[in-house]
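>>> this one's sequence-less:
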């Protein structure tokens, strides 16, 4: 996790970001740019409950000290963690839920210990997991998860709603961005990096399966404005961040091939469970949200991949 | 089973006068489908403002505020009807997508019959076919029909005659065709790359704008560019004639050579003019060879262009859902 200490532009506001994957790292980067903050990375052993709890206790102490010593009046906890993906099993999601409960308990304890500090939670949830198989999801749509991953997200949201800490729930469609080695890469990054290496990509879905994609930096830009704006009052309903512009896998493939200048190899898993469309209505998107062009952003991912060697061919490649 | 979804795309250029009536008509179709519990729902309509030259953008803003199922997309500049249609299609998520014009030339009442026709025929595209004159100008109507007939012959594609901006398309096919369209596209040509299950449904159409104002949305110049776009997007079968002529000339020259050599050997006195025959053989041989090589070159270039334009090697479609709509499609819609 990363602790962002108060900066000159935003004194008295401590932000703790749990999970620095695609979304978390983009958010940290944005918050540092906007509010000139120091970022302190702190270890958190998600896979070891005992060590995790010990480390969370240290984190709690540091946050409390940061708030007390600087006369802090605001604390924002951001949950952008979780390695479980669509195909995660019950064991994996149960472990993640346990981690989430631990962080939520940390937040609750901090809120009790520091009653003068306004404590808020910003929680990144998954619109795809919650609304799997639904199309043109709008503000009236009801989540109907179909797999452990979606049920995990629903359970996390329920815990937040019942907690005493005001929470902002941000539901994201499929996020894509500058993936780094070790990070879970979405469809766009996977097709691109495999395409650069001229390797076959296995995808779950057919050519005309529809998905919605949001650029991690756009998410970071929007949510950082929410966080720095004080989150007062917290939105009464979850916020949906999607592009409202569906992309078929065929179209994504075409975009990648146009970028690379050659055909890429894709194998489709027939009868895969993740074949249904998931799309979102533009009417359900919040004011002030801007979703940038996927084709242009795919070019950024490509150049980044080439620059960092993330997509470079391995030696001895055919 | 969830109802199948229908999306509608309307490119807009100067439709301020007609848009409210069009939206009302679409609303009636939408409401009726819901009221009758039909297995199809009209769930979204995209109006694509192609840098409109009247108050269409303002009208669309008001309509969008009043109808949550309606979305206006504004293009950064005027790109043309086909690019605007493509932009709208790429925003749609419907199982079926219909496109129609802004000026009520295409009555939304025909949307359901078009869809039902597609289901009954297991078609992927159904074009509305005008019953009678559209523009109340025989020059305009004959010109359009004549051009399409000519293009049909030149390309060898019989469906060219049926191309119309009032179309019902299977969603996956429409989106795929839209995804491969690049600069200066003719969308229907791209559609034909993905399917040959194309049907037509005769419907009444009247170009109200032309009838009322004697003014078309197209000038002669824009119609010419439209025609040029179709030519450039299509594979012209007549270009293969060059190869055929080359092969015939080549074969003819070889045959003539053998004949002349035979005559010369058997009856040298029969050929009196010196040099004429060898000249003809040489010209026909090399002329034929050049024609053949040029034809091969054109064929290769044509393949490269088709590939650059995104013509797919294959595309997979799922039509299994049509079976559940067949009973409803047979009922008709009046």
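Yep, it's here. These numbers were taken from a predicted model, which means no experiment stands behind them. Residues are numbered from 1 along each chain as shown, chains lettered A, B, ... in the order given.
>>> Give me the buried positions along the helix or strand harbouring residue A:301.
If you go by DSSP states H and E, residue A:301 is part of helix A:294-308. Under the neighbour-count criterion of 16 or more other C-beta atoms under 10 Å in any protein chain shown, helix A:294-308 has A:294, A:297-298, A:301-302, A:304-305 buried. In this view, the C-beta of every residue, glycine as well, is placed from N, C-alpha and C.
>>> Next, find the distance separating the residue of the stretch 101-250 of chain A found nearest chain B from residue A:124.
Relative to chain B, the nearest point of the stretch 101-250 of chain A is residue A:208 (3.3 Å; C-beta to the nearest C-beta). For residue A:208, the distance to residue A:124 equals 29 Å [C-beta to C-beta, to the nearest Å].
>>> Partner strands of the strand ranked longest in chain A, with direction?
When chain A is parsed with DSSP state E, its longest strand is strand A:118-126. Strand pairing for strand A:118-126, using DSSP bridges, gives strand A:74-79 (parallel), strand A:167-172 (parallel).
>>> what mean pLDDT does the last one have?
So that's strand A:167-172. Throughout strand A:167-172, pLDDT has a mean value of 95.
>>> Tell me where the stretch 201-334 of chain B has strands.
With DSSP state E, counting those that start in this stretch as the criterion, the stretch 201-334 of chain B has no strands.
>>> For it, list the residues in contact with chain A, please.
By the rule C-beta under 8 Å from any C-beta of the partner chain, the part of the stretch 201-334 of chain B lying against chain A is B:310, B:315-318.
>>> do that again at 7 Å, thanks
B:310, B:315-316, B:318 (C-beta under 7 Å from any C-beta of the partner chain).
>>> Show me which of those residues is closest to residue A:39.
Closest approach to residue A:39 among these (C-beta to C-beta): residue B:310, at 44.5 Å.
>>> just so I have it, where are all the helices in chain A?
Using DSSP state H, the helices found in chain A span residues A:22-35, A:49-69, A:90-113, A:127-130, A:148-162, A:187-196, A:216-228, A:249-260, A:294-308.
>>> Okay, now the unreliable bits of the stretch 51-200 of chain B?
B:133-141, B:143 (pLDDT under 70).
>>> now the stretch 101-250 of chain A
Looking at the stretch 101-250 of chain A by pLDDT under 70, you get A:179-185, A:231-233.
>>> how many other residues sit next to the residue nearest to residue A:161 when sequence neighbours are not counted?
Spatial nearest neighbour of residue A:161, excluding adjacent residues (C-beta to C-beta, 6 or more residues apart in numbering or on different chains): residue A:167 at 7.3 Å. Using other C-beta atoms under 10 Å in any protein chain shown, residue A:167 has 23 neighbouring residues.
>>> which residue is nearest the centroid of chain B?
residue B:188 (2.1 Å; C-alpha atoms, centre = their mean).
>>> what's whichever residue of the stretch 51-200 of chain B sits closest to chain A in contact with, if anything?
Here the stretch 51-200 of chain B gets closest to chain A at one residue, residue B:172, 3.3 Å apart by C-beta to the nearest C-beta. Residues in contact with residue B:172 (C-beta atoms under 7 Å, 6 or more residues apart in numbering or on different chains) are A:208, B:317.
>>> hang on, the earlier thing: now render the buried residues of helix A:294-308 as JSON lines, adding distance to residue A:264 and pLDDT.
JSON lines is the format used below for the buried residues of helix A:294-308 (distance: C-beta to C-beta, whole Å; pLDDT from 0 to 100):
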{"residue": "A:294", "distance to residue A:264": "16", "pLDDT": "94"}
{"residue": "A:297", "distance to residue A:264": "18", "pLDDT": "94"}
{"residue": "A:298", "distance to residue A:264": "12", "pLDDT": "93"}
{"residue": "A:301", "distance to residue A:264": "14", "pLDDT": "89"}
{"residue": "A:302", "distance to residue A:264": "12", "pLDDT": "90"}
{"residue": "A:304", "distance to residue A:264": "18", "pLDDT": "85"}
{"residue": "A:305", "distance to residue A:264": "14", "pLDDT": "82"}
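>>> Help me confirm that the residue nearest to residue A:161 comes into contact with residue A:123.
Yes - with contact defined as C-beta atoms under 7 Å, residue A:167 and residue A:123 form a contacting pair (5.7 Å).
>>> For residue B:7, what is the enclosing helix or strand?
Here residue B:7 sits within strand B:4-12, counting by DSSP H and E.
>>> Please spell out which residues along the very next helix or strand once past that strand are buried.
Going down the chain from strand B:4-12, the next helix or strand is helix B:19-35, by DSSP H and E. Residues of helix B:19-35 classed as buried by neighbour count (16+ other C-beta under 10 Å): B:19, B:22-23, B:25-27, B:29-30, B:33.
>>> And for stretch B:111-125?
B:111-121, B:123-125.
>>> Is it possible to get JSON lines of these that adds distance to residue B:103 and secondary structure?
Shown next, in JSON lines, are the buried residues of stretch B:111-125 (distance: C-beta to C-beta, whole Å; DSSP: H, G, I helix; E, B strand; the rest coil):
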{"residue": "B:111", "distance to residue B:103": "16", "secondary structure": "helix"}
{"residue": "B:112", "distance to residue B:103": "21", "secondary structure": "helix"}
{"residue": "B:113", "distance to residue B:103": "20", "secondary structure": "helix"}
{"residue": "B:114", "distance to residue B:103": "18", "secondary structure": "helix"}
{"residue": "B:115", "distance to residue B:103": "22", "secondary structure": "helix"}
{"residue": "B:116", "distance to residue B:103": "25", "secondary structure": "helix"}
{"residue": "B:117", "distance to residue B:103": "23", "secondary structure": "helix"}
{"residue": "B:118", "distance to residue B:103": "24", "secondary structure": "helix"}
{"residue": "B:119", "distance to residue B:103": "28", "secondary structure": "helix"}
{"residue": "B:120", "distance to residue B:103": "29", "secondary structure": "helix"}
{"residue": "B:121", "distance to residue B:103": "28", "secondary structure": "helix"}
{"residue": "B:123", "distance to residue B:103": "26", "secondary structure": "coil"}
{"residue": "B:124", "distance to residue B:103": "27", "secondary structure": "coil"}
{"residue": "B:125", "distance to residue B:103": "22", "secondary structure": "strand"}
